[in-house]
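Trainee: what follows is a predicted structure for the sequence shown.
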Amino acid sequence: MSSAGASQSGISLVETMIALFVVALLATAGGIMLTQSLRGARLVEDRGSDAQELQTALSVIRDDFSAFVDRPSRSDATSELPTRFEGQPVRFDGRIVTFIRNGWPNPAGHPRSDLQRIEYSFVDGALIRRSWSAPDAGPGTDIAEQTLLNGLENITVRYGREQGWQSDWIVPASSADTPFPDKIELTMSFGEEDTLTALFRLGLRE
């Protein structure tokens, strides 16, 4: 027969509370790790999307500059004098550089030129590309607008030839002696000291 002073078996209230506390700690740690993992996955996805957008934008710009042709143009029949090339810092209206390019695909065989007037501008943190369906715009000329990059803090540009650089480079239609730049440098600021400098060559096609 067992004695009356024998200890009773079982789990005390203190042990139960300690076990619940440990379980709560493990659950909290697991939740934090899951949140950080999801946040990291979103960050990688966002960075990947940004990198793809940037690569696409640089490819478009490079293709435009390499297809440059020496041909006077203006935005419409009543505006400024025609120019053969117009490059400058960001203007009050956001415009940066304007020129004519060739090589515009025409798979449908429409009766039109393969030349386009191209304009790049920087407006409200966005790098915008505009293209006119004809070198000299008229009242019915179609204009396509494409936002290449968003979220930019600033864009600086300079134009160079050989070893020299300058902040603007305009070749009037009336000038036969003014040379063209042979390189264009764009520096894009994304904030937090995150900048990208890209160098492009200006092609000269007949």
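Mentor: Structure's in. What do you need?
Trainee: residue contacts, Phe99?
Mentor: Counting by Cβ atoms under 8 Å, 6 or more residues apart in numbering, Phe99 touches Phe68, Ser73, Arg84, Phe85, Glu86, Gly87, Arg117, Ile118. Every C-beta, even on glycine, is put in place using the N, C-alpha and C of the backbone.
Trainee: got it, and Leu196?
Mentor: Contacts of Leu196 by Cβ under 8 Å, 6+ apart are Leu54, Thr187, Met188, Phe190.
Trainee: format the residues you listed as CSV; extra columns: distance to Ala198, pLDDT and neighbour count.
Mentor: Below are those laid out as CSV (distance: Cβ to Cβ, whole Å; pLDDT from 0 to 100; neighbours: other Cβ atoms under 10 Å):
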residue, distance to Ala198, pLDDT, neighbour count
Leu54, 9, 87, 16
Thr187, 8, 93, 14
Met188, 8, 91, 21
Phe190, 13, 85, 16
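Trainee: so of those residues, which ones are in strands?
Mentor: Thr187, Met188 (DSSP state E).
Trainee: among the contacts of Leu196, which one sits closest to Val157?
Mentor: Lowest distance from Val157 to the contacts of Leu196 (Cβ to Cβ) belongs to Thr187, with 7.4 Å.
Trainee: buried ones in stretch 93-107, by neighbour count?
Mentor: Gly94, Arg95, Ile96, Val97, Thr98, Phe99, Ile100, Arg101, Asn102 (16 or more other Cβ atoms under 10 Å).
Trainee: lowest-confidence one in these?
Mentor: Least confident of those in the model: Asn102, at 89.
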